[in-house]
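In: quick one: sequence plus predicted model below, questions after.
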Amino acid sequence: MSVKRSILAAIVRQFHHPRGAAGNVAGWVMAHRASNRRRNSWVAALLDVQPTDRVLEIGFGPGLAIAELGRRVGPLGHVYGIDHSDVMLRQATKRNAAAIQAGRVTLILGTVDQLPPALDGPFDAVLAVNSLGFWTAPVERLDELRRRLSPGGRIAIASQPRCPGATRSTSLEAARTITDLLQDAGFAETRTEILDLDPPVVCVLAVNHPDAARGRPRTS
């Protein structure tokens, strides 16, 4: 039993940065867990992506939201994704092979701390699902993403707390934290949507209004 627990613990640790054989298993779990599939599809729908939109996902994992977004854009739109795991890049590339071949999707290995020039934008929409909690200096990262959004561009930051004993209250507290970070980064019109899973998923949406961003108080 102790060996089994050790194996499971090793896989759980992989969810932040999947690597090697255990990372492949973690990616398979993320891709096939029903709640994950529902969560990613829901967040993609909330962004109301149009056929001509340019969209960026930060931390695409096995590529579930990328696949949903890739079905929503047309020849004049494009979906970009960045992830720091080469295991996830391989899995997401395989899952989205047809859309990549058709020129609707581009997936890149990298980190939100150092976005490559290919992701300069402008983008119409940005999303991150269960990845914001791993970012260093999240306000600075969100501010940089806002600057890569077109005026009126949308952002969606989703979180489903996975800490032991997480409840609806845990999710609502996560939403308040995300809202504060987005507002500190200059986003406006924040609103929270809730998907009733166990625990609930929260998604905070906001809009890039450059005039509002220029007038906001700077945080220290």
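Out: Looks like it arrived, so ask away. Numbers count the residues shown, from 1 in each chain.
In: longest helix in this structure, please.
Out: Looking across the chain with DSSP state H, the single longest helix is helix 168-184.
In: which elements pack onto that one?
Out: In this structure, helix 168-184 makes packing contacts with helix 138-147, strand 149-159, strand 188-195, strand 201-207, judged by 3 or more CB pairs under 8 Å, 6 or more residues apart in numbering; DSSP states H and E. In this view, the C-beta of every residue, glycine as well, is placed from N, C-alpha and C.
In: most tightly surrounded among those?
Out: Counting by mean count of other CB atoms under 10 Å, strand 201-207 has the highest mean neighbour count of these, with a mean of 24.
In: tilt between that strand and helix 138-147?
Out: Per axes from the mean of the first three to the mean of the last three CA atoms, to 10 degrees, the angle that strand 201-207 makes with helix 138-147 is 50 degrees.
In: the chain: strands as residue ranges?
Out: Using DSSP state E, the strands of the chain run over 54-58, 78-83, 105-109, 123-129, 149-159, 188-195, 201-207.
In: how much distance is there from the longest one to the middle of the chain?
Out: On the basis of CA atoms, centre = their mean, to the nearest Å, strand 149-159 sits 11 Å off its chain's mean C-alpha point.
In: ditto for the first one
Out: Here the centre of mass of C-alpha atoms in strand 54-58, compared against the chain's by CA atoms, centre = their mean, lies 8 Å away.
In: ok, the residue lying closest to residue 194 once chain neighbours are set aside - contacts?
Out: Computed as CB to CB, 6 or more residues apart in numbering, the closest residue to residue 194 that is not its neighbour in sequence is residue 200, at 5.2 Å. By CB atoms under 8 Å, 6 or more residues apart in numbering, the residues touching residue 200 are 160, 168, 171, 194.
In: how far away is the residue positioned nearest the centre of the chain from residue 41?
Out: Against the mean C-alpha coordinate of the chain, by CA atoms, centre = their mean, the closest residue is residue 128 at 1.7 Å. Distance, residue 128 to residue 41, by CB to CB, to the nearest Å: 16 Å.
In: pLDDT weak spots in this protein?
Out: Applying pLDDT under 70 to the chain flags the ranges 1-32, 34, 212-220.
In: what's the local residue count around residue 97?
Out: By other CB atoms under 10 Å, the residues close to residue 97 number 12.
In: one step back: out of the helices and strands packed on helix 168-184, which gets nearest to residue 69?
Out: strand 149-159 (11.0 Å; CB to CB).
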